[in-house]
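Novice: sequence unavailable; structure follows:
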């Protein structure tokens, strides 16, 4: 049911750092044709950080850990969006499926991968409890011994409420050289983090200590290199447009991203691409630091 590439298996046997990457970003996060290059760029960034990339998705009745470039090209907007609940059905029905953060973490849990990189974490949707929508990413993170590097929580969500729920779930929210959680496109303005870390080795050490004491996951918020501080009005208009068109559930994120990319004249698209690759490089550095100290 799970096929792990030989490179990843060899890396695990040798004690090398491995970083998981999702495929929802490839299939649903970018205009057609662009997602694959972002995925390949993320893999190159993980390698530049000193670790082995493990891009995860479902193809031909298998969960594949370590997709090849030709396999990555098979993920598009028609691919199912797979959270933890969706993995088994996609495997049995042999449906191509792109894993979310939560779906990817579920596979990490099964394969012993302890580091992951993404753009933004899912969480509590704005207006909760109407709609009563909370991403499965949060429970998956709370139950998986993994550190996720992101640029905070997806900007279309209720970030303070998500931060509070992460505290309730016992998930440390670390800031990469910052005291506040990044707001995805914006470097500052979010709620305070539970601890600040300055180096990859320090982040790896905090993760290792957390796993010994409590178990479960950690979130590391890395501010985007280029901060866009004027995106919030666009997000509000995008969400209003989504509601008017009865877009809900898993369809909201790709709808909002497409709206932002279009209405910002591509600024959010460029920022999204860059922060994802930068997060992957940092995750590679942290995984490599954890490997060297083991």
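Specialist: Great, that's in hand. For clarity, every value in this text was computed on a predicted model and none was experimentally measured.

Novice: the stretch 151-294 of the chain: helices as residue ranges?
Specialist: Here the stretch 151-294 of the chain has its helices, by DSSP state H, counting those that start in this stretch, at 159-168, 200-213, 232-244, 252-263, 267-293.

Novice: of those helices, which is nearest residue 67?
Specialist: For residue 67, the closest of those is helix 267-293, at 14.5 Å, according to C-beta to C-beta. In this view, the C-beta of every residue, glycine as well, is placed from N, C-alpha and C.

Novice: coming back round to it: rank the helices of the stretch 151-294 of the chain by pLDDT, which is bottom?
Specialist: Ranked by mean pLDDT, the helices of the stretch 151-294 of the chain end with helix 252-263 at the bottom, a mean of 88.

Novice: ok and that one relative to helix 232-244, angle-wise?
Specialist: Between the axes of helix 252-263 and helix 232-244, defined by axes from the mean of the first three to the mean of the last three C-alpha atoms, to 10 degrees, the angle is 130 degrees.

Novice: which strands and helices sit next to helix 252-263?
Specialist: In terms of contacts (3 or more C-beta pairs under 8 Å, 6 or more residues apart in numbering; DSSP states H and E), helix 252-263 is packed against helix 24-28, helix 232-244, helix 267-293.

Novice: thinking again about what came up before, which one of the helices of the stretch 151-294 of the chain is the most hemmed in?
Specialist: Among these, ranked by average contacts under mean count of other C-beta atoms under 10 Å, first place goes to helix 267-293 (a mean of 23).

Novice: give me the angle between that one and helix 232-244.
Specialist: For helix 267-293 against helix 232-244, the angle by the same axes, to 10 degrees is 100 degrees.

Novice: hang on, residue 287 packs against residue 17?
Specialist: Yes. Between residue 287 and residue 17 a contact is recorded at 2.8 Å, counting by C-beta atoms under 8 Å.

Novice: what sits in contact with each of those two?
Specialist: Applying C-beta atoms under 8 Å, 6 or more residues apart in numbering, one finds that residue 287 and residue 17 are jointly contacted by 50-51, 115.
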